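Visitor: The sequence isn't on hand, but the structure is:
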């Protein structure tokens, strides 16, 4: 029987299928409170987004201005991509604001997944900017449109390269520090912008040397480069949306739990990201003769070890199973008779589904159940 640390009656709501209620946060006596830094991380992320948005708007405006003078397809492609970067940073800012909202009766995990959805929006913007750049470059190529004011165009493209690279480095560094995959993806987007700016400058330079098709060809190459980077960015974003985690995280959870005295075995480790918060669950096996209070203390020690040493960990749900010398013993064996033939399916899998449905969820300051 699963029991919350507050007493046997605490699990009654989950068993009856009642709608979860928001409960007051309960604090433990240990000095480190995991999840405490998420608010500061959010503020840092919002500051990075605001700075990046302003800087990218300036870069895009400069390139659009010089495009009106030079009529360069490569410069226009790069300006469109930079404008797309402004849109993605605005989307990120919105997602960070939404993620700050507290959990509700309908969104019991909160709104942190909004950050992952903003990553999907970033991918869509990258696709749109690649298509727009390719179309403009193709139009200039087939109509033999030649750029003018080459010197100013090259200067604008180089400004775009320097600005994008500086912004990309800043966003990626902040994203890694606060563990924000969408912010890292947006930084990679900015880095792509820098490379496209360099390609635009190269196209204009070759045009000045007497290669007439160099500018629209550079624009087409920019589109290909955008799509190439998209594959890597899209894989990371889609992985987050599909609850993918680095196997090293699972191995680290296992190592932290197995190191706790009294833990005999660790099974069914699961983890998923929601924005910058990592949610984990696992089963611990302890001596079947151990008193409930002692088993709970072991599970709570494991929970605190994981929260303390696993970056991004915000919630750890632990179920304790009694260890037995009998290898055939299954502590999760189904105890109820099926109502009819349609319910006669695999008992072990059915129990696990029920366990997943009714498993207690506790926030980073909650209690582990044994």
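Guide: Perfect, I can see it now. Fair warning: this is a prediction, and the values are worked out from it, not measured in the lab.

Visitor: how about the helices in the stretch 51-200 of the chain?
Guide: Remark: helices assigned in the stretch 51-200 of the chain by DSSP state H, counting those that start in this stretch are 73-99, 113-142, 150-178, 181-208.

Visitor: and if you look at the stretch 251-370 of the chain?
Guide: For the stretch 251-370 of the chain, the helices defined by DSSP H, counting those that start in this stretch occupy 292-309, 347-358.

Visitor: Select from those the stretch with the lowest mean pLDDT.
Guide: Ranked by mean pLDDT, the helices of the stretch 251-370 of the chain bottom out at helix 347-358, with a mean of 49.

Visitor: Tell me the predicted confidence for residue 361.
Guide: Reported pLDDT for residue 361: 43.

Visitor: mean confidence for stretch 219-230?
Guide: Here the average pLDDT along stretch 219-230 is 78.

Visitor: so how far is it off the chain centroid?
Guide: Here stretch 219-230 is found 24 Å from its chain centre; the criterion is CA atoms, centre = their mean, to the nearest Å.

Visitor: which residues does the nearest residue to residue 182 once chain neighbours are set aside contact?
Guide: Once flanking residues are discounted, residue 182 sits nearest to residue 119: 3.9 Å by CB to CB, 6 or more residues apart in numbering. (Each C-beta comes from the backbone N, C-alpha and C, glycine too.) Contact analysis of residue 119 by CB atoms under 8 Å, 6 or more residues apart in numbering lists 181-182, 185, 236-237, 240-241.

Visitor: Just flag the most distant two among these.
Guide: Using CB to CB, the pair of these lying farthest apart is 185 and 241, separated by 12.0 Å.

Visitor: Have a look at the two and say which one is more surrounded.
Guide: residue 185 (27 against 13; other CB atoms under 10 Å).

Visitor: Quick one: classify the closest residue in space to the more buried one that isn't next to it in sequence as helix, strand or coil.
Guide: Counting by CB to CB, 6+ apart, residue 233 is the residue found nearest to residue 185 once chain neighbours are left out, at 4.9 Å. Classification of residue 233 by DSSP: H, G, I helix; E, B strand; the rest coil places it in helix.

Visitor: Residue 233 - how many residues pack around it?
Guide: Neighbourhood size, residue 233 [other CB under 10 Å]: 22.

Visitor: I figured it hits residue 125, correct?
Guide: No - counting by CB atoms under 8 Å, residue 125 is not a contact partner of residue 233; they are 10.8 Å apart.

Visitor: residues touching the closest residue to residue 273 other than its chain neighbours, list them.
Guide: Of all residues not flanking residue 273 in the chain, residue 240 sits nearest, at 5.5 Å (CB to CB, 6+ apart). With contact taken as CB under 8 Å, 6+ apart, residue 240 is in contact with 116, 119, 181, 273.

Visitor: Pick out the lowest-pLDDT one from the residues you listed.
Guide: residue 181 (72).

Visitor: Skipping its backbone neighbours, what lies nearest that one in space?
Guide: Per CB to CB, 6+ apart, closest to residue 181 is residue 240, 5.4 Å.

Visitor: And the contacts of residue 240, which two are furthest apart?
Guide: 119 and 273 (10.8 Å).

Visitor: intersection of neighbour lists for the two?
Guide: 181, 240.

Visitor: Please tell me I have it right and residue 66 contacts residue 76.
Guide: No - between residue 66 and residue 76 there is no contact under CB under 8 Å: 9.9 Å.

Visitor: Residue 245: how many residues sit nearby?
Guide: Residues within reach of residue 245, counting by other CB under 10 Å, total 17.

Visitor: And it, how far from residue 311?
Guide: Separation of residue 245 from residue 311 (CB to CB, to the nearest Å): 12 Å.

Visitor: Need the residues touching each of residue 233 and residue 125.
Guide: residue 189.

Visitor: ok, back up a step: so which of the helices of the stretch 51-200 of the chain is nearest residue 322?
Guide: Of those, the one closest to residue 322 (CB to CB) turns out to be helix 113-142, at 35.5 Å.

Visitor: Now do the domain split for this protein, please.
Guide: 38-241, 245-358 (automatic domain parsing).

Visitor: of all those domains, which gets the most neighbours per residue?
Guide: Neighbour counts (mean count of other CB atoms under 10 Å) averaged over each of the domains of the chain peak at domain 38-241, with a mean of 20.

Visitor: Same list, the helices of the stretch 51-200 of the chain, but as CSV with distance to residue 320 please.
Guide: Shown next, in CSV, are these (distance: least, CB to CB, whole Å):
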stretch, distance to residue 320
helix 73-99, 32
helix 113-142, 29
helix 150-178, 33
helix 181-208, 32
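
Visitor: Could you work out the end-to-end span of stretch 168-188 for me?
Guide: 6 Å (CA to CA, to the nearest Å).

Visitor: Identify all contacting residues around that stretch.
Guide: Against stretch 168-188 from outside (CB under 8 Å, 6+ apart): 41-42, 44-45, 48-49, 51-52, 85, 88-89, 92, 95, 115-116, 118-119, 122-123, 167, 189-191, 193-194, 229, 232-233, 236-237, 240, 273, 275-276, 311-312.

Visitor: how does it look with 6 Å?
Guide: Identification of contacts with stretch 168-188 by CB atoms under 6 Å, 6 or more residues apart in numbering yields 41, 44-45, 48, 52, 88, 92, 115, 118-119, 122, 190-191, 233, 236-237, 240, 276, 312.
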